[in-house]
Every structure is written in structure tokens, then in C-alpha cells.
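> any chance you can model this:
(2 chains)
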There are 2 protein chains.
Amino acid sequence: MNLDIISIGDELLIGQTLNTNAHWISKEMNAIGFTIREHVSIADTEEAILNAVEHAMSNADVVLVTGGLGPTKDDLTMPALNKYFGGELVRDEKVYQHIEQLVTSRGFVMNQNNQDQAIVPNNCEVVHNANGTAPGLWFEKNNKVLVAMPGVPYETKAMITDTIIPWLKQQYELPEIINQMVYTQGLPESMLVEKIADWENALPETIKLAYLPSPGRVKLRLSSLGKDREMLQRSIDEQIEQLKAVIPQYIYSEEQEDMGMLIGELLRKNKATLATAESCTGGYIAHLITRVAGSSEYYKGSVISYANEIKINELNVKLEDLEQFGAVSQQVVEQMALGVQQKMKTDYAIATSGIAGPTGGTDEKPVGTVWIAVATPKGVFSKKYVFGKLRDVNIERAAITALGMLRGCV
Amino acid sequence: MNLDIISIGDELLIGQTLNTNAHWISKEMNAIGFTIREHVSIADTEEAILNAVEHAMSNADVVLVTGGLGPTKDDLTMPALNKYFGGELVRDEKVYQHIEQLVTSRGFVMNQNNQDQAIVPNNCEVVHNANGTAPGLWFEKNNKVLVAMPGVPYETKAMITDTIIPWLKQQYELPEIINQMVYTQGLPESMLVEKIADWENALPETIKLAYLPSPGRVKLRLSSLGKDREMLQRSIDEQIEQLKAVIPQYIYSEEQEDMGMLIGELLRKNKATLATAESCTGGYIAHLITRVAGSSEYYKGSVISYANEIKINELNVKLEDLEQFGAVSQQVVEQMALGVQQKMKTDYAIATSGIAGPTGGTDEKPVGTVWIAVATPKGVFSKKYVFGKLRDVNIERAAITALGMLRGCV
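Residues are numbered from 1 along each chain as shown, chains lettered A, B, ... in the order given. Next up, the predicted model:
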């Protein structure tokens, strides 16, 4: 089954907004067995929309459209689709009530724009948008399906996960595709490639391997396509078992990419608590942990000690060690971890101190130097890393690495 | 002048690689006056390449193609283009020497793959690839130009900047384009539309307006295209002055989208310092601030008080207020802001306390309820918000809103 994705919006064409929707949707649709034939991004004009829809509907079985469904004048997707499918625009009571509830719960009064968003073509199914006011539209014509969704990523994601995927699975018989991930942490891509070369060369032809690097991690994807899901899975599982024997210490999960979630699961299982003391990561570790729903069960809090006086006053770092070894040192980072562990009375604590860049480096401690400490019920340990030159990437790598160190001892 | 971008590669269609090339190229081409008509991403097959090229060459004046120029079996762009333009494949001596120099400088010996990369169609201009072995190809047909480049972003960027932009400017007389942004914060899109409707309706026809919403913010883009850059800019500036009179309190910048950077600039200009006390935002505000290089100049740190005992012990929140009003209350959030301001001896402090979700809500305080306080040298103030149901989005909206509140008083 072929699937086309049409992204509507001038912001994509002038290079203002990166098209993350097409990327995310492709991954989801590929995972349930569709072959994605084409992405196309076009302008907010009726002509461009009609041409792209015509082209996609004559080449693909399913067409997913995002963008241009909002309440403003530059949102032309609905009238254009209504013209293409030849329906009439009518008010949908269920949509109206949902919008009214959303708007009033946010403390606003319904205005004309809000009311207009309840007007939809009468020859489509409405797809509920739990997180916004613009409804999705599911059209069918000549045994083909076109679904229009808003361009706001979190609204679209929820609609696809909650409604569109179940509906598509009901309508089409799709081949089995298995994309099995193996999440590794601690080896750069080029080293990983070398370490697992023999294993990779011996993979059966039916299994495709891809390397997907991101700061601090490399994901491996093993893909296989066929009719018999069990057989595909068995073959992939065998290969993963062999891989585990080659790099046991670098694989952190086969299911959970999100290190914050993984740490949360571990802490909850062990009924243990955590605190953090962050300098160079500046709250990013805390954010990765608290993004996870329910994290208040095991996470007590953090002292972000950007200034040295906060390290001294709040974390009991010794002034003489700060002066002798500097803030980016084993002595200071270990005292930070122990200080917050004691203050917040937790089982575990993580601390970071480093030079995120782009300035502040020296010959001895170049930009990218980061000390990370983990305090456990049995004591504290720490390690020095030298990452790269980019501030954002250093913050992310330090945070992921710190969570990786904690994982090893919970 | 219309321009199409074709991106070739299965990795784009299965959602493995985000198409940053099309985004970057669009921005560059828009800036020199091209109107980007369409992006299309297609598979690595001769059929898909020929169809896409045929379609683009009959609709656009210039076509830029990336991907599929490498040395491996799945790289089909060159043979497909050679078929389309009807040339012959011959070895190019200059390209050969460049490849040889690159390969040997990296300590390798030329192999068959390397040698094959010097074979190019004889009816195109070669575009030098300073950073890689695959040359770019500049074809012309019926007064139209098609340029093929490799998919590796840093190779393509250098080729576009160093060669393709100068060549395009020489060949075409391009109009001036201005895209001016206005960043607003504090009003949902539908309310903003209403507030500025009169201004929008009175915009001259030469100026196009777009709304670009993201959690907590709406960006407005005013675009204009013409021959006289100064006149275009003057006309846009006039409209922005009028807009400022309509919604002065909601516009936070015309240049700086990043709230963390904006706050940093304000604090630095006023030689003021900041601390944060975060509950529901869990370190995300600290992260937005410390992502900015040099933030240690004005940012002292944070107490992330996920547990109530931390609020009491570290931020001097009164136990009786916590018990009487709950953690998500005006009393508690103001005490948090004052507590961290005092502890870290800063001029300003921000505090958040809310129910990020998905659980923890009550009838009185539903998920999405967030209290935000700002402590200033003159005292503390606070405000209650009710955001939505999604944890990630609530965290982001609360953080952006808190920074927006702080902006109003530094």
C-alpha cells in the first residue's frame, strides 16, 4: 500500500519551519506497513493544494495532509479539499461543543473564529482533535483515503496515534514490518561500526540494519518485512541475542529510548529516590527526569548551582577545593553529588560540572570537559569526559551520559 | 523565478532522517529572491527520479536536487539524470585529481569506487565539492537549470554558498524579498486574530501575513516581494509600527525568537541577576536560560523543589500555607519566588507550581493549572493559568509564559 504525505504551508517553503511532521508521520506509517511513496511540501494556495491532491490521489492509496486547517485567512486547506471532494460546508455540533469546552476552560469567550472552526465538509468523517480547535477530516474517494490534519505537531501526533492509525489498520490489510531498535550509549558511531562489523556482515539478507546517531547515543534499527510476523520476530531476536554478546555493556535498552523514563522505571522498581546538582547541564537533567509523568514519586529536586557561592552555600562544596582544583574537577563534582544527596535525603544523586562552551576553555580544560559524579547508598564515584565544541550538544551529551552512569548502579 | 527542491533517499521516506537539506536550501534561495514552489522527497529508484525531474522541470525555472550521488549501489541519481538530459558518461580529469588528493590525504589508496566518482555526464558543468568526493552537476535545458548535489549536508551547504548562489545570481535577475517576524506571547492564535483583525484587513495587498503558533507563542510573519528593497522595508516597518500600537503588551520582540536569549540580553543590559524555583516546570526554565552561552553572568541557579519538604526546607515555604492552600497556590508560588530570591541574593526570581499532568488534577485545580510568580526588587506578583492536558506542552507553555512575565518587569 502506497502512502503520500502533503505538507501545506509557506513557512516550509521559505525555510522558516523544519518539516518534522512528514518525518514523524513517515516513521509511524512505515511501522504499520505502508510504503511511503512521496513527501511534498507546497504553498498555502488553492491551486497548489488542488494540484498536489490530484497528483497524490492518482498515485497513492492513502494521502495524509497536514497544515492550513487553522482559523486564519491563510488557512485554505478546508475550502480546497471541499472543492476537490465536492461536499457542502456545515456546522458539526460535536466539534462545536468540543471547541466551546476547550476555549472556555482556558478562560476565554467563544469568538467568530472559534465558531467557524466547527464548520466542516458534510462528506467526510471528523477526526477528533483532543488538543486543539481544528478538527481533522477523513475523506474517501475511489477506494482511496485522504486525511487532513492541522500543522501543529502535538495535535497531529495525538490524532494519528489515537484515531488515524486504528482506522487505517481496520481499512487495509498491511504487510508485517518489524523495526526493532537497540539503544546503545557510550560508543561513538565510528567505534560501534568497527566493534560490531563481524556481526553486521553475518546478518541474513532479510534483515536491514541502520545506524541512527544522536548526541551521546547510537540507535541501531533492525528491519524486516514479510507475511509471518512470528518468523520475522524470531529471526531478529536471534540476531539481537548475538549482538548482546558482542557489546553487552553498551546496550541500555531494546524498548525504552527515553533515558528519563528508563531511569524512572528503575528507581520506581527499586523504591529509590533521586536528586540532582547541576552546573553545566543547567537543569537539563532535571527536565529529562521531570518530563516523565509520575516522576514526583522518585525525584525530589535539584540544586542548580551556576554560581560558585551556591555550590558552597547550598551544596557544601569546600571553598579551598574550589580554589585549588576549580569548579570543573573531581573534588567539586563529588562534593556536589554528596551535598545534594544529603540535603534532599535521597538514595541517589547525580552532579555535573563542566565547560559547555563556546568560551571558558583552557589548554588544560578545553571546552567540552565535563566531570560527572553519581552518589549511591554505597558511596560516590565520578568520571571525566571531553565532549565537543557545541554548547547545545555538550549539554545533551553530558545529561545522557550522567543518566547512563546512574543506570549502571541503580 | 520559481524553484523546486527534490530530495532523493529512502531514509527520508521511512522517517529515519529529517530533511534538513530542503529546509536550509529554501532559506538560502528565498533570501536571494527565488520563490520556492515545491519540495518533494522521493525514493532511490530511476522511475521516481525521472518522474520527479520531469514534473519539476515543467513547473519551475530552477530545480535543485540532493542525494543519490554517492559511490554505492543505491546511488542512482547520476545515471537517471544522464538519461533525462541525454549525455554521455566520461571521466573528468579535474574531478579525478581532486578525489585522488582527498583520498590519499586521508591515508587511503584510490579504489574502484573512488575512480568511478570521476565519471560524469559530458553535457553538464561540474560543481566543485571541496568537502567530499561526489561532484555536483549543473545541467541546462530549455532555459532552465537543474543542479544535482550530494545529500551530505555540510558538502551541499559549501557547494551552494561557494558556487551555486554566485552562478544563479549571474544567470537570473531576482527580486528583493523581505520576511519580517514579529514575536508575540500571551494570546492564543484565535484571540490574536480577533485583536488585530482591523489592522490585518487594512494591510496593503503587497504584504502577506502568516500566523505561526507554537506552545505559549504566536509568530507573525510579514512578507513582501518587489524590486526596491528600501521601499519594501519602509512599507513593512510602517505596518509593524501600527501593529505595535494595537497589541503593545503582547509583542516581545522583532528580532529575537528565543525567550532565553531575550531575557539574557535584558538582564545583562540592566546588570541584574536571576534565580529560579521550579516545581512543575522541573528545570526546563533553567535549561532555557542556561542554553545561552554566557548565562553564568546573570543566572545564579535554581532550586527545583519537586518534593514539598524541599519547598519548606530550601525555599522557606510555610508548612501551614502548603496544608491550607496546597502546593499549587498563589501563597506557595510567591513564597517560592521570594525564597529563592533571598537565598541566592538575586534581583529577580521566577517560580512555578502547577499540575503538568496527565494525572493529579481535581475539579478545582484541573490538569494544566499553573501558578507563576515573579519576584522583583520591588516585590512579588503572580498569576494563575490553565493550560491544556499534555504534560510536555504544559511544561513548555508554563516556562515560556514565566519568561514572558519576567520580561515585562526587567
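
> which residues are in contact with the spatially most central residue of chain A?
Geometric centre of chain A, nearest residue: A:Asp258, 8.1 Å, by Cα atoms, centre = their mean. By Cβ atoms under 8 Å, 6 or more residues apart in numbering or on different chains, the residues touching A:Asp258 are A:Val292. Where C-beta positions appear, they are placed from N, C-alpha and C, glycine not excepted.

> can you check the pLDDT for it?
At A:Asp258, the pLDDT value in this model is 89.

> from B:Glu38, how far off is it?
According to Cβ to Cβ, to the nearest Å, A:Asp258 stands 35 Å off from B:Glu38.

> show me the helices in the stretch 251-400 of chain A, by range?
A:259-269, A:284-290, A:308-315, A:319-325, A:330-343, A:391-407 (DSSP state H, counting those that start in this stretch).

> state the pLDDT value of the residue in chain A sticking out farthest from the centre.
No residue in chain A has its C-alpha farther from the mean C-alpha position than A:Glu320, which lies at 42.4 Å (Cα atoms, centre = their mean). Reading off the confidence values, A:Glu320 has pLDDT 97.

> for A:Ser190, same thing?
69.

> also A:Ser214?
So A:Ser214 comes in at 74 (pLDDT).

> what backbone torsions are found at it?
Dihedral pair for A:Ser214: phi -140, psi 170, per degrees, to the nearest 10.

> next one: the one 10 residues further on
Reported as degrees, to the nearest 10, the phi and psi values for A:Ser224 are phi -150, psi 140.

> returning to what we had before: redo the helices of the stretch 251-400 of chain A as a markdown table? Include distance to chain B.
Below are those laid out as a markdown table (distance: least, Cβ to the nearest Cβ, whole Å):
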| stretch | distance to chain B |
| --- | --- |
| helix A:259-269 | 10 |
| helix A:284-290 | 3 |
| helix A:308-315 | 4 |
| helix A:319-325 | 14 |
| helix A:330-343 | 8 |
| helix A:391-407 | 6 |
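
> and those helices, which is most packed in?
Scoring these by mean neighbour count under mean count of other Cβ atoms under 10 Å in any protein chain shown gives helix A:284-290 as the most buried, with a mean of 29.

> I'd like to know which elements the helix or strand hosting A:Ser7 is packed against.
Per DSSP states H and E, A:Ser7 falls inside strand A:2-8. Counting contacts by 3 or more Cβ pairs under 8 Å, 6 or more residues apart in numbering or on different chains; DSSP states H and E, strand A:2-8 packs against helix A:20-31, strand A:35-42, helix A:46-59, strand A:62-66.

> pass me the low-pLDDT residue ranges in chain A, would you?
A:190 (pLDDT under 70).

> can you list the domains in it?
Chain A resolves into domains spanning A:2-171, A:176-253, A:259-407 when parsed by automatic domain parsing.

> now, of those, which is deepest in the fold?
On a mean-neighbour basis (criterion: mean count of other Cβ under 10 Å), the most buried of these is domain A:259-407, at a mean of 21.

> B:Leu203: which of the domains of chain A is closest?
domain A:2-171 (10.3 Å; Cβ to Cβ).

> what is the end-to-end distance of the closest one?
14 Å (Cα to Cα, to the nearest Å).

> try stretch A:219-233
Stretch A:219-233: ends 18 Å apart by Cα to Cα.

> do the same with stretch A:250-268
23 Å.

> ok now that stretch, how far from the chain's centre?
14 Å (Cα atoms, centre = their mean, to the nearest Å).

> and for stretch A:267-278?
23 Å.

> which outside residues touch that stretch?
By Cβ under 8 Å, 6+ apart, stretch A:267-278 touches A:263, A:266, A:284-286, A:289, A:294, A:297-305, A:315, A:336-337, A:339-341, A:343-352, A:406, A:410, B:283, B:286, B:304.

> just stretch A:312-324 next, same as before
With Cβ under 8 Å, 6+ apart, stretch A:312-324 has contacts from A:277, A:303, A:305, A:308, A:311, A:329, A:331-332, A:335-336, A:338-340, A:342-343, B:301, B:303, B:314, B:343.

> could you redo the last one with a cut-off of 7 Å?
A:Ala277, A:Val303, A:Ser305, A:Asn308, A:Lys311, A:Gln331, A:Val332, A:Gln335, A:Met336, A:Gly339, A:Val340 (Cβ atoms under 7 Å, 6 or more residues apart in numbering or on different chains).

> next one: the nearest residue to A:Gln342 once chain neighbours are set aside from chain B, what distance?
Nearest non-adjacent residue to A:Gln342, counting by Cβ to Cβ, 6 or more residues apart in numbering or on different chains: A:Asn316, 7.5 Å away. Applying Cβ to the nearest Cβ, to the nearest Å, the value for A:Asn316 to chain B is 13 Å.

> tell me how far the residue in the stretch 51-200 of chain A that chain B sits nearest to lies from B:Ile165.
Closest residue of the stretch 51-200 of chain A to chain B, Cβ to the nearest Cβ: A:Asn113 (4.6 Å). Using Cβ to Cβ, A:Asn113 is found at 41 Å from B:Ile165.

> correct me if wrong: A:Pro213 contacts A:Glu189.
Yes - judged on Cβ atoms under 7 Å, A:Pro213 makes contact with A:Glu189 at a distance of 4.5 Å.

> need the contact list for A:Lys219.
A:Met181, A:Tyr183, A:Leu212, A:Glu257.

> adding secondary structure, write the residues you listed out as JSON lines.
Output for these, formatted as JSON lines (DSSP: H, G, I helix; E, B strand; the rest coil):
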{"residue": "A:Met181", "secondary structure": "strand"}
{"residue": "A:Tyr183", "secondary structure": "strand"}
{"residue": "A:Leu212", "secondary structure": "strand"}
{"residue": "A:Glu257", "secondary structure": "coil"}
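
> distance to chain B for these - can I get that in TSV?
Below are the contacts of A:Lys219 laid out as TSV (distance: Cβ to the nearest Cβ, whole Å):
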residue	distance to chain B
A:Met181	11
A:Tyr183	15
A:Leu212	6
A:Glu257	14
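
> B:Ile14: which of those is nearest?
A:Leu212 (11.1 Å).

> what is that closest one paired to in the beta sheet?
A:Lys219 (DSSP bridges).

> hang on, isn't it packed against A:Leu222?
No - with contact defined as Cβ under 7 Å, A:Leu212 does not count as touching A:Leu222 (11.7 Å).

> can you list the residues of the stretch 151-300 of chain A near chain B?
For the stretch 151-300 of chain A, the residues in contact with chain B (Cβ under 7 Å from any Cβ of the partner chain) are A:152, A:154, A:210, A:212, A:282-284, A:286-287, A:290-291, A:293, A:296, A:299-300.

> repeat that with 8 Å
Contact residues (Cβ under 8 Å from any Cβ of the partner chain) of the stretch 151-300 of chain A with chain B: A:152, A:154, A:158, A:210, A:212, A:221, A:276, A:278, A:281-287, A:289-291, A:293-296, A:299-300.

> from the residues you listed, which ones fall inside strands?
A:Ala210, A:Leu212, A:Arg221, A:Thr276, A:Glu278, A:Tyr299, A:Lys300 (DSSP state E).

> for those, which one is nearest chain B?
Distances from chain B to those, taken by Cβ to the nearest Cβ, are shortest for A:Lys300, at 4.2 Å.

> good, wrapping up.
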